[in-house]
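Chemist: Any chance you could fold what I've pasted below:
(chains A and B)
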Amino acid sequence: MVQSEAAPPVIEVRDLVTHYGPREILHGIDLDIRAGEIMVIMGGSGSGKSTLLRHLLGLKRATSGSVRLLGQELTSMSELQLYEISKRIGVAFQGGALFSSMTVGENVMLPLREHTALDEDTMRIMMRLKLEIVSLAGFEDLAPSELSGGMIKRAAFARAVVMDPDVLFCDEPSAGLDPVVSRALDELILSLRDALEMTIVVVTHELDSAFRIADRITVLDQGRILTVGTVDEVRNSDNERIQNLLNRRFEEPELDPEAYLARLVGGEPRLA
Amino acid sequence: MAGAGSSVGKALEGVGRSVAGSVASLGFGASLVLDSVTWLLLGRRRGQRVRSGPVFAEMMEIGIHAIPIVTMLTATIGVMLAIQGIYQLRQFGAEGQVVLGVAFGMTREFAPLITGILVAGRSGSALAARLGTMTIRQEVDALQTMGINPVRFLVVPSLLAMLVMLPALVIWADLVSLLAAGLYVSADLGMTLTAYFNEVLAVLSAGDVLHGLAKSAIFAVLIAVVAIVDGSNVEGGAEGVGRVATNAVVHGITAIVLTDLVFTFATTRG
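Modeler: Below you'll find the model as predicted:
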């Protein structure tokens, strides 16, 4: 499924540095995501994976560095150009982000309604087609509040792929779901890639899910990339931090008595 | 010494931060209005036109659904103004002049002010809460990544509906309050309703009614923009949403009352 390395990457990140206020979150990220692959970006809480995703989506502007999506530079793009390229990507947000004022069907149809000149019947057919893919046929007239957590995520997938995007982004697809539903979502991601030939970027902290679906895995830790590799390469990595992450080992924070004392008194470290 | 110095410094820093925050909010509000006008005018050319459906839905919610409460409150205020007016003027034996006070007071001041406060409480808070919830639940992000401009999709319909419906409600409030006051005056002073309305029409000029309507149009923009700025500044979860809804009401009413003073001062004297 993975195309040759010669094919131009769908997403190209170069030396991406970003801040939240004065705090530097990502410290120079380099990453290539190839056409047709499922790339899982994995890391613990606070590793910067959500921030990286926001940059890939153009939701946040970088301090420095470059993000190219489908051959176009996101960091210097105007708002209107960003909207244009947005039509070629789909995003399934963590909580679904379905609009509560609309039915499931209207949610899925929204991108079609806003960006195409299709007539109502065609849009309805396309909407039902996508709901069929995510096994939600017949649920189009329900409100999002009437769906279970797993169904909301699947509806969000349907909305994300309704425009047949080139790239599909999934934010924590299995977070907060029971193992069976989470497994079904993984299967869904695999079948979307196979059936619709999309490039898929998944951000997750769930190891099992990552190993099940990934072609390649990027391990992010404290705003840096630890490794990028296939499932086996990551599994067999001899990097201590990766092994800690894989074996769910808690990491002892380094002990610095001076800094500890300074934190307790709530000021700058005092010179003796 | 150093402690006192640093606490003064902290206090000053706090003042500085809140001033900077307010200025940033003002700037954001102004850019929202500009952005809204731009999308309204250029949306179709950019392939993102403002749809009429959401505008009408908002108009229903902001305007039509507010009619019962606006009717009740402004009718009550009309009657109270008549009672107080008659009480005051009786001191000079000039009860008949109450019509003058009621007509000017309602159209120029109370109808727009009371309606504005009511709409800020009803719709300003609802708008802020909705925007806050949508921000927290990443629905605004979802719009962006679907290539849909949130200002065009969420802000313009609310702003437009507010701008149409608040003045419309004020016209209704003028009518209702003058009628209610008239009923009381006719009962108390034995004046017929026809005579009362003839007098109202004789003293009121179009300028007086327009004065009130112009104010209400400004109030409309203030309520909507304040609600949207507050709503999109949401932080935290459900309690954050509650906080921005409260903020929207407090800030909205403050903005209305202060603007009312400035507008009235600038247009009424001389």
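
Chemist: Can you give me the pLDDT of A:A195?
Modeler: With respect to pLDDT, A:A195 scores 82.

Chemist: hmm, I was thinking of A:A272
Modeler: The model's pLDDT for A:A272 equals 43.

Chemist: Which neighbouring elements make contact with the helix or strand of chain B with the lowest mean pLDDT?
Modeler: Least confident helix or strand of chain B, by mean pLDDT, DSSP states H and E, is helix B:2-42 with a mean of 83. Judged by 3 or more C-beta pairs under 8 Å, 6 or more residues apart in numbering or on different chains; DSSP states H and E, the packing partners of helix B:2-42 are helix B:156-189, helix B:206-232. Just so you know, the C-beta spots here come from the backbone N, C-alpha and C atoms, and that holds for glycine as well.

Chemist: between those, which one is nearest to A:G150?
Modeler: helix B:206-232 (29.6 Å; C-beta to C-beta).

Chemist: most centrally placed residue in chain B?
Modeler: B:G116 (3.5 Å; C-alpha atoms, centre = their mean).

Chemist: Now do the same contact list for it.
Modeler: B:166, B:215-216, B:219-220, B:223, B:256, B:260 (C-beta atoms under 8 Å, 6 or more residues apart in numbering or on different chains).

Chemist: now, which of the residues you listed sits nearest B:L41?
Modeler: Closest to B:L41, out of all of the contacts of B:G116 and judged by C-beta to C-beta, is B:A220, at 18.9 Å.

Chemist: Show the pLDDT at the closest one.
Modeler: The model's pLDDT for B:A220 equals 96.

Chemist: Report all helices and strands that the host helix or strand of A:P111 contacts.
Modeler: Applying DSSP states H and E as the criterion places A:P111 in helix A:104-115. Applying 3+ C-beta pairs under 8 Å, 6+ apart, one finds that helix A:104-115 contacts helix A:120-133, helix A:149-161.

Chemist: could those go into a markdown table alongside mean pLDDT, distance to A:I33 and mean neighbour count?
Modeler: Formatted as a markdown table, the helices and strands packed on helix A:104-115 follow (pLDDT from 0 to 100; distance: least, C-beta to C-beta, whole Å; neighbours: other C-beta atoms under 10 Å in any protein chain shown):
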| stretch | mean pLDDT | distance to A:I33 | mean neighbour count |
| --- | --- | --- | --- |
| helix A:120-133 | 92 | 23 | 16 |
| helix A:149-161 | 91 | 17 | 24 |
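
Chemist: Please dump those helices into a markdown table; it should also carry distance to chain B for every row.
Modeler: Listed next are the helices and strands packed on helix A:104-115 as a markdown table, based on distance: least, C-beta to the nearest C-beta, whole Å:
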| stretch | distance to chain B |
| --- | --- |
| helix A:120-133 | 13 |
| helix A:149-161 | 8 |
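
Chemist: burial of whatever residue of chain B ends up closest to chain A, as a residue count?
Modeler: Of all residues in chain B, B:G147 sits closest to chain A, at 3.4 Å by C-beta to the nearest C-beta. Neighbour count of B:G147, defined by other C-beta atoms under 10 Å in any protein chain shown: 21.

Chemist: B:I69: how many residues sit nearby?
Modeler: 14.

Chemist: so who does it touch?
Modeler: Taking C-beta under 8 Å, 6+ apart as the test, what B:I69 contacts is B:118, B:122.

Chemist: Would you mark the buried spots in the strand or helix carrying it?
Modeler: If you go by DSSP H and E, B:I69 is part of helix B:67-90. Across helix B:67-90, burial judged by 16 or more other C-beta atoms under 10 Å in any protein chain shown covers B:70-71, B:73-75, B:77-79, B:81-82, B:85-86, B:89.

Chemist: try stretch A:53-69
Modeler: Within stretch A:53-69, the residues scored as buried using 16+ other C-beta under 10 Å are A:53-60, A:62, A:65, A:67-69.

Chemist: and if you look at stretch B:169-179?
Modeler: For stretch B:169-179, by 16+ other C-beta under 10 Å, it's B:169-178.

Chemist: Now the residues you listed in a markdown table, please, with extra columns for distance to A:E140 and pLDDT.
Modeler: Output for these, formatted as a markdown table (distance: C-beta to C-beta, whole Å; pLDDT from 0 to 100):
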| residue | distance to A:E140 | pLDDT |
| --- | --- | --- |
| B:L169 | 37 | 97 |
| B:V170 | 41 | 97 |
| B:I171 | 42 | 97 |
| B:W172 | 39 | 97 |
| B:A173 | 42 | 97 |
| B:D174 | 46 | 96 |
| B:L175 | 45 | 96 |
| B:V176 | 44 | 96 |
| B:S177 | 47 | 96 |
| B:L178 | 50 | 95 |
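
Chemist: Tell me which two of the residues you listed sit farthest apart.
Modeler: Taking C-beta to C-beta as the measure, the buried residues of stretch B:169-179 span a maximum distance of 14.8 Å, between B:L169 and B:L178.
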